[in-house]
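Participant: need a structure here:
(2 chains)
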Amino acid sequence: MNTLNRYLTIYAALWKNSVTRELGFKTNFLLWIGVEILWFALQLVFIGVLYQHTDTIGSWGKWQVVMLIGASHFIQQIFQALFLVNMTNLSELIRTGKFDFFLLLPVNTRFVVSFRQVDLGSFVNATTALGVIAYAAHQMQFTPALMHIAGFLALCVVGIAVHYSLMFLLATVSFWTVRAQGIVWAYYNLFQIARLPDEAFRGVFKAVFTFALPMLLVVNVPVRLLTDKLADPWSIVQLLIMGVVCALVSDWWWTKSLKRYTSASS
Amino acid sequence: MRKYGHVIVIGIQNNLTYRVNFLFRSLFGLIPLMASLSLWRTIYAGKSTDDVGGFTHAQMISYYLLVVSVDMLTAAYEDDWQIAGDIKDGNISQFLLKPINFIGYRLSLFLSGRLIYTSVALIPVTCFILFQKSYFVFPADAATFGAFTLSVALAALLQFFLSFAMAMLAFWVTEVSTFIFILYAFEYLASGHLFPLGILPAGWQQALACTPFPYQLYFPVSVYLGKVTGAALVNGLLMQACWVSVVFFAARWMWSRGLKKYSAVGG
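Facilitator: Numbering: from 1, shown residues only, chains lettered A, B, ... in the order given. A predicted model of the protein is given here:
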């Protein structure tokens, strides 16, 4: 319990630090929110255009897909708020040798590297995503039960954890090659799959993005639960298992990578 | 002219360092493309007619294959960031002293970058096209192919000058990335990257035709597919050339205005 308290205190201090930092760049803070809203709107326009030409994609109706896009944005933004900057900074820390400093801190290195900075603007964007989900539910004249909402949020947490594990795995590539700027870009391409209805995929593509990189589970399963679209509880179990597998793999890889660290400059 | 030739050679050497980076970039870029193709297959399967906004399923696949190819040849991915970085870090000071035109210099680097990127990306892209080869169509005749080549060249120039103009904002604001991402968003949708603009409602299409975006990608692809012919083709090429010069002069104007404000930080 003492350890937990200590880590919570550290995390609170990191939050405070992030707030101070953001306050220094107010215009930029607002501009980034604008950029994210624009990209979110773009996804919705895409769906709007698609559904001008069709009524369903597989068994997914228009507003169900809108909900999917909203949920995907929600998960992505919370992930971005808590982790993304830290993941991209990792390669910079390794390149400059500043990583030494984090190894010396009397806390878990993975903890401090993962949670160092919080991106507050993304929380604002997450609320716009919730707004879109609620609007889609309203259009479907569908009021989810409290149990479903709780389950949805819990599965979103699993989804965020999957994204974190995978992105962390990608970020540790910087222990091997210093030029790891492509990581974020690579990851955005994966996010793009996560927001599409699972029924649009089949064959090898579906297998890879379900059992290796579970992109087709992280958003689809929570939304299916929320809209009562689950054929059977099996897919929830699948998501949970994949969540644990991703976490274990990324931790194993992290320990292995740390041994390779030779420090730069200094 | 010879000095720009040298810049191209140096650019090629520099860009060769990034070949693995380029390979991964083009490989990962294929993932969303495959997702789009899957999505469209499901949509066509659920329809009673093989038509979405004038595109059959086969044409839709050809469209995306061409988008990847044209994008590989023309996209200005890194140039905006690099140019903005040059301004921010004071690296442009040296160009003010040398008898070389900065836009010409960056254009040479852009061309060498595209050359190397294309040669690397050609491997995964060709594999992908071979995988879908029954959907890969050839242009109707040599004249169509000629017009396509011309419009691809114009599209590349348009992309480059737009990126250059965007990067010029670095003279006035310290953080240009938000502006660059806003432009990307518009380009992604309005250039036809996400879906062919032909499936949009007519009013939207007319509105977009007044912007430079369709000429970055949608227009060359349409020329290749034979969707634009005759007078419309000539008009389109002229419009494209117009946009290239408008954006070029805007970029040059911003450059000369920016220099007046330039204070050579760190230089």
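
Participant: For chain A, what's the nearest residue on the stretch 51-200 of chain B?
Facilitator: At 4.1 Å from chain A, B:Thr178 is the closest residue in the stretch 51-200 of chain B, using C-beta to the nearest C-beta. Every C-beta, even on glycine, is put in place using the N, C-alpha and C of the backbone.

Participant: burial measure for that residue, as a count.
Facilitator: Residues lying near B:Thr178 (other C-beta atoms under 10 Å in any protein chain shown) number 18.

Participant: which residue ranges form the helices in the stretch 101-250 of chain B?
Facilitator: Along the stretch 101-250 of chain B, the segments classed as helices by DSSP state H, counting those that start in this stretch run B:102-131, B:142-167, B:177-190, B:202-209, B:218-224, B:230-261.

Participant: likewise chain A?
Facilitator: If you assign secondary structure with DSSP state H, the helices in chain A sit at A:2-23, A:26-53, A:62-79, A:85-96, A:99-104, A:109-115, A:120-139, A:146-171, A:182-194, A:203-207, A:215-218, A:220-226, A:234-258.

Participant: most tightly surrounded among the ones you listed?
Facilitator: Each of those was scored by mean neighbour count; the highest is helix A:215-218, a mean of 28, by mean count of other C-beta atoms under 10 Å in any protein chain shown.

Participant: chain center to that helix: distance?
Facilitator: Distance, stretch centre to chain centre, for helix A:215-218: 11 Å (C-alpha atoms, centre = their mean, to the nearest Å).

Participant: quick one: average pLDDT of that helix?
Facilitator: Model confidence over helix A:215-218, given as mean pLDDT, is 93.

Participant: how distant is stretch B:21-40 from the center of its chain?
Facilitator: A distance of 16 Å separates the C-alpha centroid of stretch B:21-40 from that of its chain, computed with C-alpha atoms, centre = their mean.

Participant: buried ones in it?
Facilitator: In terms of neighbour count (16 or more other C-beta atoms under 10 Å in any protein chain shown), stretch B:21-40 has its buried residues at B:21-22, B:24-40.

Participant: contacting residues around that stretch?
Facilitator: By C-beta atoms under 8 Å, 6 or more residues apart in numbering or on different chains, the residues outside stretch B:21-40 that reach it are A:50, A:57, A:179, A:182, A:185-186, A:189-190, A:192-193, A:196, A:200-202, A:205, B:15, B:52, B:57, B:60-61, B:64, B:67-68, B:72, B:77, B:116-117, B:120-121, B:123-125, B:128, B:132, B:194-195.

Participant: hmm, try it at 7 Å
Facilitator: The set of residues that contact stretch B:21-40 without belonging to it, under C-beta atoms under 7 Å, 6 or more residues apart in numbering or on different chains, is A:57, A:179, A:182, A:185-186, A:189-190, A:192-193, A:196, A:200-201, A:205, B:60-61, B:64, B:68, B:72, B:116-117, B:120-121, B:124-125, B:128.

Participant: who are the neighbours in contact with the residue lying closest to A:Gln80 once chain neighbours are set aside?
Facilitator: The spatial neighbour of A:Gln80 that comes closest, neighbours along the chain excluded (C-beta to C-beta, 6 or more residues apart in numbering or on different chains), is A:Ser122 at 4.3 Å. For A:Ser122, the set of contacting residues under the criterion of C-beta under 7 Å, 6+ apart consists of A:77, A:80-81.

Participant: from those residues, which single one is nearest chain B?
Facilitator: Taking C-beta to the nearest C-beta as the measure, A:Gln80 is the one of the contacts of A:Ser122 closest to chain B, at 13.6 Å.

Participant: doesn't A:Asp119 make contact with that closest one?
Facilitator: Yes: in this structure A:Gln80 lies within contact range of A:Asp119 using C-beta atoms under 7 Å: 5.9 Å.

Participant: Spatially central residue for chain B, please.
Facilitator: Within chain B, the residue whose C-alpha comes closest to the C-alpha centroid is B:Ala75; the distance, by C-alpha atoms, centre = their mean, is 3.2 Å.
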